[in-house]
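Peer 1: Generate a structure from the sequence data that follows.
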Amino acid sequence: MEQKLDIQQFKGQFRLPKCAIPKRYDLTLKPDLSACTFSGSVQVDLSIDKVTNFLVLNSLDQQIHHVSFTDSENKKYCPSDVVLEADDEILVLVFDDALPTGDGVLWISFSGVLNDHFVGLYRGTYVDGGVKKNMACTQFEPADARRCFPCWDEPALKATFKVTVEVPLELTALSNMPAIQETVNGHLKTVYFEESSTMSTYLVAVVVGLFDHIEDTTASGIKVRAYCPVGKAHQGKFALDIAVKSLDLFTKYFSMPYPLPKLDMVAVPDFSGGAMENYGLIIFRENELLYDELRSGASCKQRITIVVTHEVAHQWFGNLVTMEWWTHLWLNEGFATWISNLATDRLFPEWKIWTQFVQDTTGGLSLDALEQSHPIEVEVHHARSVLEIFDAISYEKGSAVIRMLQSYLGADIFQRSLSTYMKRYAGKNTKTEDLWSVLSEEAGIQVNSMMDAWTKQKGYPVISVKSNDNTLEFEQSQFLSSGSFGDGQWIVPISLCLGSYNRTKNFLLETQVRTVDISELLYSSDSNLSPSKGNDEGKCKEHSWFKVNIEQTGFYRVKYDDKLAAQLRKAIEENCLSETDKFGVLDDTFALCEACQLPFSSLLSLMDVYRKEFDYIVLSRLIEVCYDVTRIASDSFPNSVNELKQFFINLLLFSAEKLGWESVSEESHLNKLMRKEVLMALATFGHSETHKEAMNRFQAFLDDRNSPLLSADTKRAAYIAVMRNTCSTNRTGYDSLLKLYRESDEGQEKEHILRSLASSSDPSIVLEVLNLLLSDEIRDQDSLYLLSGISSEAHETAWSWLKENWDLISSKSGFGMQPTWYIRRIVPPPPETYIHHDSETEHRKNSDQSKVGGEHKTRTIPSRADQIPSLQGMTA
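Peer 2: Numbering: from 1, shown residues only. Predicted structure coming up:
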């Protein structure tokens, strides 16, 4: 009884006791791909800090067969009790004789099941010669190494790993380190891998499957390989080239060499995320690694570049230097997101990736404007709850705040600081304060005093700007999209310009209100200044205008008084602003309108100014605002929806006519991206000419799959047009698309189709599409694609479907991220969409998912007739 009571002390604890620290793992795994099970053994070199009768480590969904401990005197101890506590995900080993301090070796044999839920050591499938076969893959972040082998599964408990895997002779086995030996025994082979550098358990990886590969070498001699499905090795060439170049780039940027002898990238058919940065073995879903020069579009090329550089950056930020606990997750994800953009900009400057970066920032601004948002640095208790913060706050807000800080401190100081940080903490674990400390040393200021408010409290400010003769008044308040008022306050780096990007002023807004004298800007000579970043300098000189938050480097919104707003609108009309700032003005205006801080008419009037816009990033945001307004209008003033759609169509016709359906020789990457988005929007809004052309090109494609009339960049638009013309009495287009999906072996083509299938305006068709998710027709990992394309007309149908099938979806999706996908995509649709309180209440009863992921926003945009502006004169 006393012993049982002693075991209770370990239950309900979020962290493992620190009496035993792992130093080295010798891990052997034997997956049985036919039976979908695995067995194995692990030998752990431990350092025991105090005499103990217990060893407590993590284990989940395993059977423990044999356990023993041998101390430094070679005395062997066998536990008197082996207790698996599933709720706490721990394994408690009870020893009658106390284990002495010092070094020792723990040996455990175990077995488990290859699950179908993309976590731990799981089962995947691939097709070989028309036959579906099993493979094995790991996904351990954040807390699922314990599903594969008993271990101390916390990021701060780093150790080295020597991995051995027994696999069928014909398959390839990969792990973090290079294979150093293979032995053959009948139809099996045993692959022995070199011992790793020190790393956290969540970064250990094993893949067993059938692959082809290509390889290259970095300037410093690191071998890099891309493992691809058999017959598709050539599709790994682009990603391989990006990986090699980014390894060299990061080595130089951090002044720290890549610490491992090799880096493998492997594309697997079944993977819940986009990619995972395992040390030396990055695992991708196929669509995030494979690029076909003939069949892949511009957006695919850019996406692969961002994903590969993001995961390669993690080899330093996350793997070499690792957060101490999941509270500091943003150190991994925010920095990898930020520096992947830096690397992409170095590799492809013509893509203007820092201009595109503001699109990602908008995702963070949108989520962080919710009243139930969370800080960047959120206290995480149980490791599994960290899944709730793999979101736009950790990634997009985190990276945006880093960019804001870099802009304030300067690029050189920032780079030197990161180099020092890497050298000081290589192989160790850190907290946010450690990074602030290094930055403070290099910059000579107390960075933490400025940044704590940005990382430790949720939300961000809206800066209200009022003009008064020779002064501007700046006032900050917490911005909430609900229209409520928050009480947060920040130290805000303010940048502004007057009539020219060379006439600027920068300062810190450290109080709620500050009045700034701008006499030197108003009366300074501008004879040697370039007045604008637009095309018509003469016109820009005629108009005074202020732009606050130059190039959108600050993570905040700006609200101008009526006079300043009118001047800024005129500057946009005269093309005086950069594309980034035109984006920012539109983005802020929409957000302020959404929060009822500006009238809806002001948003529509501003949108009309962008009628002849031809910058990709601005047009892309204009299209997103059109989508968002349509969703809101569907609930708030449905009688105006068709008129709004016609207004939006007319906004886009200028760019559509310039772009056409087909690429021209030497066309820019950004124009290709723009064509895709413009045509998709016109198809979505029901433009008859776009529908007619799309249907003709789709039919040509059905007749000849090699037809040049439908490119990778225009397929989505055509598929959406097909589905918008599909209804229960005319299913031809839907049946044709479904047939294409079933016949295709190209992952990106399947993704195009899935993202389009649910765009029908007929809820009965969408319901039929949703039911495909309950079958084996669509891989579980690909459900995200289909869910992202649900039409606004079918929202209520999708919500009812989710409630009716929630138990089945939960059991099918398991304990990974997939259930969250359904919540975020269906309840509610994208965050800006209005839903009713009763839906929110019902959802909270039906789900215990992430508070932020399942957040519901009640739109308060007025629906009274006198609040809805007439669109007459704007739709011509």
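
Peer 1: bridging residues for Gly102?
Peer 2: Taking DSSP bridges, one finds Ile48 as the beta-bridge partners of Gly102.

Peer 1: residue contacts, it?
Peer 2: The contact partners of Gly102, by CB atoms under 8 Å, 6 or more residues apart in numbering, come to 47-48, 71-72. The way it works is simple: take the backbone N, C-alpha and C, and place the C-beta from them, glycine included.

Peer 1: farthest pair in the residues you listed?
Peer 2: Distance extremes for those: the farthest pair is Ser47 and Asp71 at 11.5 Å, using CB to CB.

Peer 1: Give me the common contacts of the two.
Peer 2: Joint contacts of Ser47 and Asp71 (CB under 8 Å, 6+ apart) are 102-103.

Peer 1: When the two are compared, which one has more neighbours?
Peer 2: Asp71 (17 against 13; other CB atoms under 10 Å).

Peer 1: How about the contacts made by that one?
Peer 2: By CB under 8 Å, 6+ apart, Asp71 lies in contact with 77, 99-100, 102-104.

Peer 1: do the same with Ala712
Peer 2: 295-297, 300, 748, 752.

Peer 1: Assumed it was part of a helix.
Peer 2: No. Under DSSP: H, G, I helix; E, B strand; the rest coil, Ala712 sits outside any helix and is assigned coil.

Peer 1: Just read off the phi/psi values of it.
Peer 2: In terms of degrees, to the nearest 10, the main-chain angles of Ala712 are phi -60, psi -30.

Peer 1: In space, what's closest to it - neighbours in sequence excluded?
Peer 2: Gly297 (3.5 Å; CB to CB, 6 or more residues apart in numbering).

Peer 1: Counting neighbours, what do you get for that neighbour?
Peer 2: Using other CB under 10 Å: Gly297 sits among 22 other residues.

Peer 1: In contact with it, which residues are there?
Peer 2: Taking CB under 8 Å, 6+ apart as the test, what Gly297 contacts is 672, 676, 711-713, 715, 748.

Peer 1: Just put the residues you listed in JSON lines and tack on distance to Val94 and pLDDT.
Peer 2: Shown next, in JSON lines, are these (distance: CB to CB, whole Å; pLDDT from 0 to 100):
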{"residue": "Lys672", "distance to Val94": "64", "pLDDT": "97"}
{"residue": "Lys676", "distance to Val94": "61", "pLDDT": "97"}
{"residue": "Ser711", "distance to Val94": "65", "pLDDT": "94"}
{"residue": "Ala712", "distance to Val94": "60", "pLDDT": "94"}
{"residue": "Asp713", "distance to Val94": "63", "pLDDT": "95"}
{"residue": "Lys715", "distance to Val94": "61", "pLDDT": "96"}
{"residue": "Gln748", "distance to Val94": "53", "pLDDT": "93"}
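
Peer 1: of the contacts of Ala712, closest to Gln699?
Peer 2: Within the contacts of Ala712, the smallest distance to Gln699 is 16.8 Å, found for His752 (CB to CB).

Peer 1: Make sure the closest one is indeed in a strand.
Peer 2: No. The assignment for His752 is helix, going by three-state DSSP, so no strand is present there.
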